[in-house]
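> My questions are about this predicted structure, shown below with the sequence.
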Amino acid sequence: MNDLSTLTGWGGTSPSSAHVVRPVDVDALRGQLATAGPRGVIVRGLGRSYGDPAQNAGGTVIDLTDWDAILDVDSRAPAVRVQAGISLDRLLRALLPLGLWLPVVPGTRQVTVGGAIAADVHGKNHHMDGSFGNHVSQLDILLASGDIVSATPEGDNAELFWATVGGMGLTGVVLEATIELKEVETSYFVVDTQRTRNLAELLSALSDGDDDYTYSVAWFDTATTGDALGRAVITRGNTALREELNTAQRGSALRFAASQHGRVPFALPMGLVTRPTARAFNALWYAKAPRHRVGEVQDITQFFHPLDVVGDWNRVYGPHGFCQYQFVVPFSEEAAFTTAVETLAQSGHVSSLNVLKRFGPGNASPMSFPMPGWTLAVDLPVRPGLDTLLSHLDQLVVAAGGRIYLAKDSRAAAATIARMYPRLQEFRATRAHYDPDRIFRSDLSRRLDL
Ligand SMILES: Cc1cc2nc3c(=O)[nH]c(=O)nc-3n(C[C@H](O)[C@H](O)[C@H](O)COP(=O)(O)OP(=O)(O)OC[C@H]3O[C@@H](n4cnc5c(N)ncnc54)[C@H](O)[C@@H]3O)c2cc1C
């Protein structure tokens, strides 16, 4: 057995040590399952979950990122078949020149297809297109028994399919997936920007206008209290048609504009995100946004992934890391949503990356996060008192019939998650059927008793 490596999620909290292996083929992978000790095994993609789902203290972590082949592109369907370790970044670079695009892209492209399925990730278009699992038409899954089974959303092994979507790697190893694609004429977006002065104006603007746009998101000030509580900048857009581009842009209509300009070399000792810097950032972001601008053409990085420009940007939070707290509450629970925002704004814990959006309907997965409602994500540096604040927010969210996102969590209690995910027992039963000896385990599964 190789040495232990220390792993964390993107938030840098809750480190733990595991034997990390990179199996070269299915037989080697089966060997890892057959020889798993009492601490079991879990697959890891690119480690972009913020918390502990891709860690396994004292057990084995299977790094699947070498399994990254594009197996088939069907331009007529259109659909693509891939090995699950491929990153969305690599996949998009290959698909765009063919005029093809992934139906759901999260806030970073540096995630694997396996990770996108296991967390059932969502993008800015959830209100129109649902989450990643809605667009997967077939999976090959390696079970704890060593058997490889095919699973589809409505046919073969549908129960396994939906438990694997959002199942955080606990039902088996996704080896290959077929993903339905979108056709696009360009890699640009036509974007409208609108500033709103407070929370009520923001919720009303999003409720009224969202259905005219495929993509919609609001950056949100969580530092300002009083009349301007919840002031925001809404950006909404659609994929640009060729005729909407200027001559220079038409020359590179399907260009993949996504460079990286540098990395944060090491965890900054004190962290850059302190209360004063976060407050200043919130104020600056709001002030620099146009009050109302329509029809601006933006490229992929500008519109989708500004954070991917700087590698390892999570290091600005310093050695203690940060929690990304993302919750959703149903549309009827605006009062609870407002209370949660007031609680955050008055807490003294300040976040500079705050994203609000409206979710559309969820899907058939028992553990998928999205439900129709308001979702807010905030990045909070780890400081004394943070867990008390987040535990308080958990209770607000539970009481409102909402939930938090497992891909972002590193600290919630098992009892709280059980109340947030009413179909947890169903998931546990499916998991027990396919993995009776609990070969697949992670720090997350132990913490939350999944
Ligand atoms: C900057 C940033 C922005 C983000 N924005 C969004 C967003 O907009 N929307 C959103 O939904 N999420 C978002 N995320 C979260 C991210 O999309 C998910 O956490 C995703 O699961 C990470 O994929 P990964 O490949 O890094 O997987 P990891 O973090 O390595 O693993 C995540 C889970 O997937 C499982 N897994 C991985 N591969 C397989 C496989 N082959 N078979 C079975 N299980 C597997 C692991 O066991 C683990 O449980 C963001 C993350 C970051 C860092």
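That came through fine.
> Low-confidence regions, the stretch 301-450 of the chain specifically.
Where the stretch 301-450 of the chain drops to pLDDT under 70, the residues are 307-313, 315-316, 318.
> Let me know the helix or strand that the residue most central in space within the chain is in.
In the chain, the residue lying closest to the centroid (CA atoms, centre = their mean) is Val121, at 4.7 Å. Assigned by DSSP states H and E, Val121 falls within no helix or strand.
> so it touches Lys408, yeah?
No - under the criterion of CB atoms under 8 Å, Val121 makes no contact with Lys408, lying 10.9 Å away. For glycine as for every other residue, the C-beta is placed from the backbone atoms N, C-alpha and C.
> Mind listing the shared neighbours of the two?
Counting by CB atoms under 8 Å, 6 or more residues apart in numbering, Val121 and Lys408 have no shared contacts at all.
> Got the phi and psi for the residue nearest to the centre of the chain?
Geometry field for Val121 lists phi and psi as phi -70, psi 160, criterion degrees, to the nearest 10.
> I'd like the mean pLDDT over stretch 201-210, please.
The predicted model gives stretch 201-210 an average pLDDT of 93.
> Run the chain-centre distance for that stretch.
23 Å (CA atoms, centre = their mean, to the nearest Å).
> can you check stretch 39-52 too?
That offset, for stretch 39-52, works out to 13 Å (CA atoms, centre = their mean).
> Which parts of the stretch 251-400 of the chain are strands?
262-263, 292-298, 310-311, 322-330, 354-359, 373-381 (DSSP state E, counting those that start in this stretch).
> Reformat the ones you listed as TSV; add mean neighbour count.
Converted to TSV, those look like this (neighbours: other CB atoms under 10 Å):
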stretch	mean neighbour count
strand 262-263	10
strand 292-298	13
strand 310-311	15
strand 322-330	24
strand 354-359	22
strand 373-381	23
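> Which of the ones you listed sits closest to Thr222?
Across the strands of the stretch 251-400 of the chain, Thr222 has its closest neighbour in strand 354-359 (4.8 Å, CB to CB).
> Share the number of residues neighbouring Glu244, please.
Glu244 is flanked by 17 other residues according to other CB atoms under 10 Å.
> Quick check: it vs Pro422, distance?
44 Å (CB to CB, to the nearest Å).
> Model confidence for the closest residue to Leu98 other than its chain neighbours, exactly?
Of all residues not flanking Leu98 in the chain, Ser75 sits nearest, at 6.1 Å (CB to CB, 6 or more residues apart in numbering). In this model, Ser75 is scored at 95, pLDDT.
> One more: Gly262?
So, for Gly262, pLDDT stands at 58.
> just the one 3 residues further on next, same as before
The model reports Pro265 with a pLDDT of 57.
> Show me the shaky parts of the stretch 1-150 of the chain.
Ranges of the stretch 1-150 of the chain meeting pLDDT under 70: 1-2.
> Do a quick rundown of the strands in it.
4-7, 16-21, 41-44, 60-63, 70-74, 79-83, 100-101, 136-142, 148-151.
> For those strands, give me a markdown table that also has distance to the ligand and mean neighbour count.
Formatted as a markdown table, the strands of the stretch 1-150 of the chain follow (distance: least, CB to the nearest ligand atom, whole Å; neighbours: other CB atoms under 10 Å):
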| stretch | distance to the ligand | mean neighbour count |
| --- | --- | --- |
| strand 4-7 | 9 | 14 |
| strand 16-21 | 12 | 18 |
| strand 41-44 | 4 | 27 |
| strand 60-63 | 8 | 23 |
| strand 70-74 | 14 | 13 |
| strand 79-83 | 9 | 20 |
| strand 100-101 | 16 | 20 |
| strand 136-142 | 8 | 21 |
| strand 148-151 | 12 | 17 |
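> ok so, going back, the spatially closest residue to the residue nearest to the centre of the chain that is not a sequence neighbour: neighbour count?
In space, and not counting its chain neighbours, Val121 is closest to Pro106: 4.4 Å by CB to CB, 6+ apart. By the criterion of other CB under 10 Å, Pro106 has 22 neighbours.
> can you tell me which residues contact Pro106?
Leu88, Ala116, Val121, His122, Gly123.
> Tell me the one among those residues nearest to the ligand.
Set against the ligand, the nearest of the contacts of Pro106 by CB to the nearest ligand atom is Val121 (3.2 Å).
> and the contacts of Pro106 near the ligand, which?
For the ligand, the contacts drawn from those by CB under 6 Å from any ligand atom are Ala116, Val121, His122, Gly123.
> And for the last one, the neighbour number?
What it means is Gly123. Neighbour tally, Gly123, other CB under 10 Å: 22.
> Distance of the residue nearest to Leu98 relative to His433?
38 Å.
> cool, and Leu96?
On the measure of CB to CB, Leu96 and His433 end up 40 Å apart.
> mind checking the backbone torsions on the closest residue to Asp52 other than its chain neighbours?
In this structure, Asp52 finds its nearest non-sequential neighbour in Asp443, 3.8 Å apart by CB to CB, 6+ apart. Here is the backbone geometry of Asp443 (degrees, to the nearest 10): phi -60, psi -40.
> and Asp443, what is it in contact with?
Counted by CB under 8 Å, 6+ apart, Asp443 has contacts Ser14, Ser16, Asp52, Pro53, Gln55, Asn56, Ala57.
> The residue lying closest to the second one once chain neighbours are set aside - how many residues pack around it?
Distances taken as CB to CB, 6+ apart put Ala57 closest to Ser16, at 3.6 Å, once the chain neighbours are dropped. Burial measure for Ala57: 19 neighbouring residues, criterion other CB under 10 Å.
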